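1. Predicted model, plus sequence, below.
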Amino acid sequence: MTGSAAGESGNLSVGEVLERDHHRIDGYFETFAQSLSGEGPIDAEAFSTGAAGLRHHIYVEEVLHFPAMKAGGLMGPVFVMLREHGELWDRMDEIAAKLDAGASADEIAAVWKALEDGLEAHNDKEEKILYPAGDDLLTDDLGEEILETLANPDLPEGWTCEMSGRS
């Protein structure tokens, strides 16, 4: 989609809006990571907000963005992203379970590190490869639908990403 994104996104492409969403989510996760330092309580709310944002972001990509990219010949890169989404989803589930069980920061740290490292590498690939390609492949109507869905943080009840351990 070479047209501009609607609403608050001004003249940003869909890829740029998706990248901006990565940074928003990262902010919550950074707050959570800092709380694992052992000084003070674990900020479970920051994790929960970041995880909800990431789950919704994954939903938007898998339901709307990736099908257009598959149709445009990017099946291989999309498959890699789907596999990584499953890994990220499962790590978020692990951390949420540990938080619910009252685990210590040390008990959560190893799973957090795996999520953090995986998310950083994943986002880098999306931002450098898939988002620019998607901007060229998306129709204006689909681009607008992606932006509207991204702006509505509701995730359909029971939805999980395609390759999570729960699907």
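-> Noted; the coordinates are in hand. Residues are numbered from 1 along each chain as shown.
2. how close does the residue minimising distance to the centre of the chain sit to residue 161?
-> The chain has residue 54 as the residue nearest its centroid, 3.5 Å off, counting by C-alpha atoms, centre = their mean. Remark: distance between residue 54 and residue 161 (C-beta to C-beta, to the nearest Å) = 10 Å. All C-beta atoms are positioned from the backbone trio N, CA, C, and that covers glycine.
3. Return the distance of stretch 84-92 from the chain's centre.
-> Relative to its parent chain, stretch 84-92 has a centroid offset of 10 Å by C-alpha atoms, centre = their mean, to the nearest Å.
4. quick revisit: which ones are touching the residue nearest to the centre of the chain?
-> Listed by C-beta atoms under 8 Å, 6 or more residues apart in numbering, the contact set of residue 54 reads 25, 88, 92, 119.
5. ok, the residue nearest to the last one when sequence neighbours are not counted - how many residues close by?
-> Pointing back at residue 119 there. Closest residue to residue 119 apart from its sequence neighbours, by C-beta to C-beta, 6 or more residues apart in numbering: residue 88 at 5.9 Å. Counted with other C-beta atoms under 10 Å, the neighbours of residue 88 add up to 23.
6. need the contact list for residue 88.
-> Residues near residue 88 by C-beta under 8 Å, 6+ apart: 54, 58, 115, 118, 119, 122.
7. Next, the second one: secondary structure please.
-> Reducing the assignment to helix, strand or coil with DSSP: H, G, I helix; E, B strand; the rest coil, the entry for residue 58 is helix.
8. I'd say it and residue 84 touch.
-> No: the pair residue 58 and residue 84 does not pass the contact test of C-beta atoms under 8 Å, sitting 9.7 Å apart.
9. Any stretches of the chain with poor pLDDT?
-> Scanning the chain for pLDDT under 70 picks out 1-10, 166-167.
10. most residues in a single helix of it, which one?
-> As assigned by DSSP state H, the longest helix anywhere in the chain is helix 75-100.
11. just checking, next helix/strand downstream of that helix?
-> Following helix 75-100 in sequence order, the next helix or strand is helix 105-125 (DSSP states H and E).
12. name the helices or strands packed onto that following helix?
-> Contact analysis of helix 105-125 by 3 or more C-beta pairs under 8 Å, 6 or more residues apart in numbering; DSSP states H and E lists helix 14-35, helix 75-100 as its packing neighbours.
13. still on that earlier bit, so which strand or helix has the residue nearest to the centre of the chain?
-> Per DSSP H and E: helix 44-60 holds residue 54.
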